[in-house]
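Colleague: 3D model of this:
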Amino acid sequence: MAKELKEGDLAPDFKVRSTEGKEIALKDFRGKHVILYFYPKDDTPGCTREACDFRDNLRRILAKEAVVLGVSHDSLESHDKFRDKYNLPFTLLSDPEKKMTSAYGVYKEKSLYGKLFMGIERTTFVIGKDGKIRKIFPKVKVDGHIEEILQTLG
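Modeller: Purely as a prediction, here's the structure:
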């Protein structure tokens with residue numbers, strides 16, 4: 001089990017496949033802020049609202065020298081359909097082996113209707129230009145989340 005990440009820690013590097021058809025690593029984005037958001041499942045109500053909020057506010061995010069990366073355990077094929085269906089103009093990362101979600105501590109035991117299961121806890125990390133975690137938003141509530149992120153970016 002990875003140690004729990006804290007604000008100020010160096011963000012764990014990763015190398016995973018992306019909807020851009022190549023492997024993406026955190027170090028590829030040095031010099032930019034990275035909004036790394038983990039979500040449970042493509043094309044489900046909360047995840048769709050969250051992705052569309054990022055889409056609809058992308059210009060404001062880009063103006064803060066930031067990039068958006070969405071991560072789930074879904075396949076690249078699922079990500080491609082999700083991206084195309086909602087015209088998502090940012091990169092989605094596929095983590096089917098759960099290495100990245102485990103490294104970031106977001107693959108957790110969850111409960112739904114009294115049943116326990118393992119899954120992604122909706123969490124956003126704002127990573128600074130230096131690769132350090134500036135802010136962690138655990139158990140994200142979608143409504144108003146973009147404003148919290150934009151405030152963090154300054």
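Colleague: By mean pLDDT, which helix or strand of the protein comes out lowest?
Modeller: Lowest mean confidence among the helices and strands of the chain (mean pLDDT, DSSP states H and E): strand 107-112, at a mean of 87.
Colleague: distance from the centroid: which residue in the protein tops it?
Modeller: Computed with Cα atoms, centre = their mean, the maximum C-alpha offset from the centroid of the chain is found at G114, amounting to 26.7 Å.
Colleague: Which of the helices or strands spans the residue nearest to the spatial centre of the chain?
Modeller: Nearest to the geometric centre of the chain sits Y37, at 1.7 Å (Cα atoms, centre = their mean). Element membership for Y37, per DSSP states H and E: strand 33-38.
Colleague: and that strand, what other elements does it pack with?
Modeller: helix 45-56, strand 66-72, strand 123-127 (3 or more Cβ pairs under 8 Å, 6 or more residues apart in numbering; DSSP states H and E). Where C-beta positions appear, they are placed from N, C-alpha and C, glycine not excepted.
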